[in-house]
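K.L.:
pasting a predicted model and its sequence here:
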Amino acid sequence: MTSTSNLPVSGSSATSAPLTRFAPSPSGHLHVGGARTALFCWAYAKGRGGTFTLRIEDTDQKRSSDAASVGFLKDLAWLGIDWDEGPEYVGSDGRTLGGGPHGPYFQSERLGIYNGYLDQLIAGGHAYYAFDTSEALDVKRKASIAAKVPYRYDRSALQLTKDEVAIHLKTGTPAVVRCKVPSGPITIHDEILGTVTLPEGEVDDFVIRKVDGFPTYHFAVVVDDELMRVTHVLRAQEHFTNTAKHIVLQDALGFKRPTYGHLPLIFNTDGSKMSKRDKDKALRAGVTAKGMTAPPPNTIAQAQFDVWMKDKNVQLDFDVANRLADALDIVLPEINVDDFRRSGYLPSVLTNFLALNGWSAGNDLEKFDLAYIKSHFNLDRVQKTPAKFDRMKLLSFNCDAITSMPREEFVRLCRAHGKLYHPEFLGRLTDEQFAMLASASHERSKTLDELYRTNRWLVVGDDSLAWEDSKNVKKAIAEGTPRGLDRLREVKPLLESVVSWTPHEIEASIKGYADASCEGQLGKVAQPLRVAVTGGTVSPPIFDTLAILGKPSSLLRIDRCLKHFGG
RNA sequence: GGCCCUAUCGUCUAGUCCGGUCUAGGACACCUCCCUUUCACGGAGGUAACAGGGGUUCGAAUCCCCUUAGGGUCACCA
């Protein structure tokens, strides 16, 4: 059927409220770059009383999988980026996001819709069937590359007569549909980049329907943006030249052009693309540095490990990689939103920092919340140049946010983080112990995760605590007059006599000793004690450390330490 | 390679549109000192940029041109 009368009419009803959309391809994980795009789309629409729509672009059958495509919805929700329309999702707080009148929001469920418009284009002479095989096109493409000329489709299908086309169609020759791009330059109006004109011939006759019958990205985007009433398209700059194709399609279909804004890309500090490869590289480097030939227990099968080690092109999946990294104490570079969550960053800090990459509030203001971004985000202040993602600055922001929140909130967030990522650690402590640990860690924590990584001494059994073989440990134990070890022996009976094992009482006891025997220098006794009960030289303040551990464990560990370093 | 975009401290950026208030501001990082029971936090200082070259102008980080450098893109991926 070639009639278009029953197709939805182009969105001409002039409404002032903008509608933006974030349209990622399916993936289990939301990349920070995507998160930034989503954030800006969200802020632009919501700050102007508009609508933010989420659409899943799953027209590539090879990649699509329902379970994976919804994987990142939780990342968006965690960041506080709520979508008005899109896939339905019930958040941890019980709220339902998504839904809406313009669904379905998965392109794979909209196939029927695209076909109508496709017929319209073919009937109008704006598109045509082509029967070239991928192999044949590859040959031509390679020749172009070798000749250092840009590859353009040569329109050979246009040479076919009507009859030839009919026969091909009748006999079922695999066919794609290409858009017949009109001659002449194409001008794009971009709110960020300005007005840009691409010279004639830059855009060739691109495919709009693949052999498998699925629309290509370009076609689906144009149709869906129209049907979903999208007014503003904010997306990464890598899409800029695609926009020319979309404009051609919009003109051919009689659609209104949305307003465009192409956002600068985000890179690593060294200028490379932030990719999941980085994690694999870091893990490989860590494993190689440790000279490992077998994986640690409970992480990964030996066979899988061997395959991975042998072939640099093999990548472990996220869970396995994280398990291995945890076991080896390797910190992987964060790439996805969930990586940052796992590393203990606060969502409000991430959105704040993301906004700083490619946009600025002006007036030297750089700490602000989501509400501020929503009410102040504008396209005028979007940067045209790519940004390099500085994790050090992000960490500093996270630290500031943590130290300035109320202590109780930190304890609460830290516990919630642990339930998710360190259940075994949490399981070994009483609520009271954890509260003491978190309180003592509050002002020295840069992330919600730090406490779990730096206080392993607390969750090992008294009998299995091992002492670091390090310079600082030796210094604390063996140096000074008297030696640290001797001071330990002297202070032990004093600790034994502490009746109420609280930081306050412990402090009184130890300070008393320091004043009497160390000329008031607390460090002389604090460091040996720290080494004795934690095995290392870093822990919360010594009084807290002892209090959290408890009296029996503390005394037992001191005894073991005395024995270990030989009286 | 063709086409397109861009160019302020190491990094994110303010200033650029409407040239003078810029001997270029802030933040992170870095360095020094102070504080300190470890690790952190904190406090006080400091180093550090208008890519280069031509114009226009009384005057240019700001306007124009060229060079250089960086990025994007050139799929039946999105």
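P.N.:
Here it is on my side, so go on.
K.L.:
residue A:497: what's its closest spatial neighbour, skipping adjacent residues?
P.N.:
Excluding the flanking residues, the one nearest residue A:497 by Cβ to Cβ, 6 or more residues apart in numbering is residue A:509, at 7.6 Å. Backbone N, C-alpha and C define where each C-beta goes, glycine included.
K.L.:
please, which helix or strand holds the one you found?
P.N.:
helix A:503-517 (DSSP states H and E).
K.L.:
check residue A:353 too.
P.N.:
helix A:347-356.
K.L.:
sorry, back to before: which parts of the helix holding residue A:509 are buried?
P.N.:
For helix A:503-517, the neighbour count (16 or more other Cβ atoms under 10 Å) marks A:503, A:506, A:507, A:509, A:510, A:513, A:514 as buried.
K.L.:
show me which positions of the helix holding residue A:353 end up buried.
P.N.:
Applying 16+ other Cβ under 10 Å to helix A:347-356 flags A:347, A:348, A:349, A:350, A:351, A:352, A:353, A:354, A:355, A:356 as buried.
K.L.:
hmm, that helix in reach of RNA strand B?
P.N.:
Yes: Helix A:347-356 lies within reach of RNA strand B by Cβ under 7 Å from any atom of the strand, at residue A:356.
K.L.:
for that helix, packing partners?
P.N.:
helix A:32-46, helix A:73-79, helix A:337-342, helix A:370-376, helix A:391-403 (3 or more Cβ pairs under 8 Å, 6 or more residues apart in numbering; DSSP states H and E).
K.L.:
doesn't residue A:405 belong to a strand?
P.N.:
No: if the criterion is DSSP: H, G, I helix; E, B strand; the rest coil, then residue A:405 is coil and not within a strand.
K.L.:
list the contacts of it.
P.N.:
Residues near residue A:405 by Cβ atoms under 8 Å, 6 or more residues apart in numbering: residue A:413.
K.L.:
what's the separation between it and RNA strand B?
P.N.:
13 Å (Cβ to the nearest atom of the strand, to the nearest Å).
K.L.:
backbone dihedrals for that residue, please?
P.N.:
Residue A:405 adopts backbone torsions of phi -90, psi 160, taken as degrees, to the nearest 10.
K.L.:
could I get the pLDDT score of it?
P.N.:
As summarised for this prediction, residue A:405 has a pLDDT of 96.
K.L.:
beyond the helix or strand hosting residue A:441, next helix or strand please.
P.N.:
Assessed by DSSP H and E, residue A:441 sits inside helix A:431-441. Helices and strands here follow DSSP H and E; after helix A:431-441, the next one along the chain is helix A:450-454.
K.L.:
now the element after that following helix, going C-ward?
P.N.:
helix A:471-478.
K.L.:
contact partners of that following helix?
P.N.:
Residues outside helix A:471-478 that contact it (Cβ under 8 Å, 6+ apart) are A:467, A:483, A:484, A:485, A:527, A:528, A:530, A:531, A:536, A:537, A:561, A:565.
K.L.:
tell me the spacing between the fifth one and residue A:457.
P.N.:
What that stands for is residue A:527. 15 Å (Cβ to Cβ, to the nearest Å).
K.L.:
between the two, which has more neighbouring residues?
P.N.:
Neighbour totals were compared for residue A:527 and residue A:457, and residue A:527 leads with 21 against 18 (other Cβ atoms under 10 Å).
K.L.:
number of nearby residues for the nearest residue to the more buried one once chain neighbours are set aside?
P.N.:
Counting by Cβ to Cβ, 6+ apart, residue A:476 is the residue found nearest to residue A:527 once chain neighbours are left out, at 4.0 Å. Other residues near residue A:476 number 27, with proximity taken as other Cβ under 10 Å.
K.L.:
same check on residue A:391?
P.N.:
15.
K.L.:
that one and residue A:334 touch, don't they?
P.N.:
Yes: assessed by Cβ atoms under 8 Å, residue A:391 is found in contact with residue A:334 at 7.1 Å.
K.L.:
hang on, the earlier thing: for RNA strand B, find the nearest of the helices and strands packed on helix A:347-356.
P.N.:
helix A:391-403 (3.3 Å; Cβ to the nearest atom of the strand).
K.L.:
the helix or strand that comes right after that closest one: which residues count as buried?
P.N.:
Going down the chain from helix A:391-403, the next helix or strand is helix A:407-421, by DSSP H and E. Within helix A:407-421, the residues that qualify as buried are A:410, A:411, A:413, A:414, A:415, A:417, A:418, A:421, counting by 16+ other Cβ under 10 Å.
K.L.:
and the least confident of these?
P.N.:
residue A:421 (94).
K.L.:
show me what contacts the residue nearest to it when sequence neighbours are not counted?
P.N.:
Among residues not flanking residue A:421 along the chain, residue A:342 sits closest, at 5.8 Å (Cβ to Cβ, 6+ apart). Neighbour list for residue A:342: A:322, A:334, A:421, A:449 [criterion: Cβ under 8 Å, 6+ apart].
K.L.:
same check on residue A:344?
P.N.:
Taking Cβ under 8 Å, 6+ apart, one finds A:398, A:417, A:447, A:448, A:449, A:450 in contact with residue A:344.
K.L.:
relative to residue A:91, which of the residues you listed is nearest.
P.N.:
When these are ranked by distance to residue A:91 (Cβ to Cβ), residue A:417 comes first, at 17.6 Å.
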